[in-house]
Each structure stands twice: as structure tokens, then as C-alpha cells.
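**Student:** Fold the following for me, if possible:
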Amino acid sequence: MTGPVDHVVTSGTFSLDGGTWDVDNNVWIVGDDREVVVVDAAHDADAIAAAVGDRRVSAVVCTHAHDDHVNRAPELADRFGAPILLHPAEAPLWEMTHPDRAPDRELADGDTVTAGGVVLRVLHTPGHSPGSCSLHAPELGTVFTGDTLFQGGPGATGRSFSSFDTIIDSIRERLLTLPGDTTVRTGHGDSTTVGAELPHLEEWIARGQ
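**Tutor:** Okay, the predicted model is just below:
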């Protein structure tokens with residue numbers, strides 16, 4: 001029996017601004033026994049496909065377009081006949097990895113993506129990158145934050161197309177306003193909760209300044 005949220009960790013590299021780093025990515029598969037969405041198709045298409053199994057993939061959703069989050073998106077989309085969804089502000093980053101293949105549909109704040117009866121509401125949470133989005137599933141008590149919010153603080157903002165002030169605004173206004181028991185499922189590392197991160201907001205701001 002598969003759950004409403006399945007999880008695969010894949011390993012590879014992240015490259016931007018002339019640097020390359022080894023990374024482990026969380027890939028989230030959300031839905032039921034019949035239909036799912038894949039959130040952030042990273043590094044290993046075969047491992048992701050194995051976790052999907054014989055379920056229908058209704059969409060490959062990209063929280064943002066850093067190469068470690070989208071490098072297997074076209075392959076997975078083609079394999080399962082699913083559209084790739086991405087916020088249009090991510091176009092410059094997407095084109096660095098996939099110059100010859102555009103996403104199929106745009107994500108916008110307030111959109112919903114549905115699979116297997118699970119409704120994911122799109123929250124535009126820029127800062128880590130201009131079009132970074134989080135996906136809130138209220139009935140599951142969870143939010144998928146990509147690289148916007150981690151256990152222990154905000155995502156990195158020291159590279160091109162990023163802004164510390166913007167990511168703090170996104171976290172404060174869009175994520176930390178969710179119920180405190182909401183599970184935060186991140187793009188890398190361990191999950192956390194909104195309640196666990198909320199008390200540390202001012203510390204992050206002080207560190208960032």
C-alpha cells in the first residue's frame with residue numbers, strides 16, 4: 001500500500017555561477033494507489049519511476065528550476081506522458097539546463113494541482129529563486145517547500161537570481177502563517193514543522209543582515 005506521500009532520495013550535483021556541489025535531493029510522490037504527481041524530478045529517473053510504479057503521473061511539478069531539481073523532469077515527463085509545471089519566472093534557470101525543451105504549463109500563485117484526490121495549492125514563495133513555489137496540501141497537513149524553507153532556516157540566497165529579503169518575506173507571509181502542526185517537506189534534508197521554525201524567524205533575519 002502506497003501512502004499519500006512517498007519519498008525518494010536521489011544523489012547528484014548542483015551547478016550554478018561556476019561552482020558544482022554534491023547534493024542529495026528529496027523527491028516527493030503525492031497521490032494515491034492510482035494517480036500521483038512527482039515533485040522535483042532530481043538525478044535518477046529510474047529510481048523515481050520505480051517509486052511511482054504502475055500509477056498514472058498527472059504532472060511533474062518543479063518547485064524551482066535549479067538544475068538539481070529539474071535535471072530529470074523531461075525524461076520523467078516523457079516516460080509517463082505527463083506535463084511539466086513550472087513558474088514562468090524560473091525561465092532563465094530552466095533554460096540553463098534544458099535550452100531545447102520548455103515546460104508544458106505555468107504555475108501561478110493560487111493554482112491547484114490534483115492527483116489521487118489530493119489537492120496541492122500553489123504558493124508563490126520567491127527568494128531562493130524568482131519563481132520558487134511551495135505546494136500546500138491542507139488535508140494532509142503538509143507543505144512541500146522546495147528550497148525555500150528547511151529545518152533550521154531559509155534556503156540559500158547567495159547566488160544569482162536570489163534575494164535574502166525576498167525569501168524572508170515569503171517565509172514570514174506565506175509559510176509561517178500555516179497551522180503550526182503543518183509538516184514541512186523540504187527539497188534537501190529532514191522534514192520539520194511550521195511550529196518548530198516559527199520561533200527562529202528573527203534569528204534568521206539577524207544572521208542574514
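**Student:** got a list of what the nearest residue to residue 80 once chain neighbours are set aside touches?
**Tutor:** Leaving aside its chain neighbours, residue 80 sits nearest to residue 57 (3.8 Å; criterion: CB to CB, 6 or more residues apart in numbering). (C-beta placed from N, C-alpha, C; glycine too.) Residue 57 makes contacts with 35, 36, 37, 38, 76, 80, 81, 82, as judged by CB atoms under 8 Å, 6 or more residues apart in numbering.
**Student:** The closest residue to residue 51 other than its chain neighbours and residue 142, how far apart?
**Tutor:** Here the nearest residue to residue 51 in space, its sequence neighbours aside, is residue 8; by CB to CB, 6+ apart that works out to 4.8 Å. When CB to CB, to the nearest Å is applied, the distance between residue 8 and residue 142 equals 16 Å.
**Student:** returning to what we had before: now render the contacts of residue 57 as a markdown table, adding secondary structure and neighbour count.
**Tutor:** Compiled in a markdown table, the contacts of residue 57 are given as follows (DSSP: H, G, I helix; E, B strand; the rest coil; neighbours: other CB atoms under 10 Å):
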| residue | secondary structure | neighbour count |
| --- | --- | --- |
| 35 | strand | 17 |
| 36 | strand | 28 |
| 37 | strand | 23 |
| 38 | strand | 31 |
| 76 | helix | 20 |
| 80 | helix | 19 |
| 81 | coil | 9 |
| 82 | coil | 23 |
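**Student:** Pick out the most distant pair among these.
**Tutor:** By the measure CB to CB, 35 and 76 form the most distant pair in the contacts of residue 57, at 14.9 Å.
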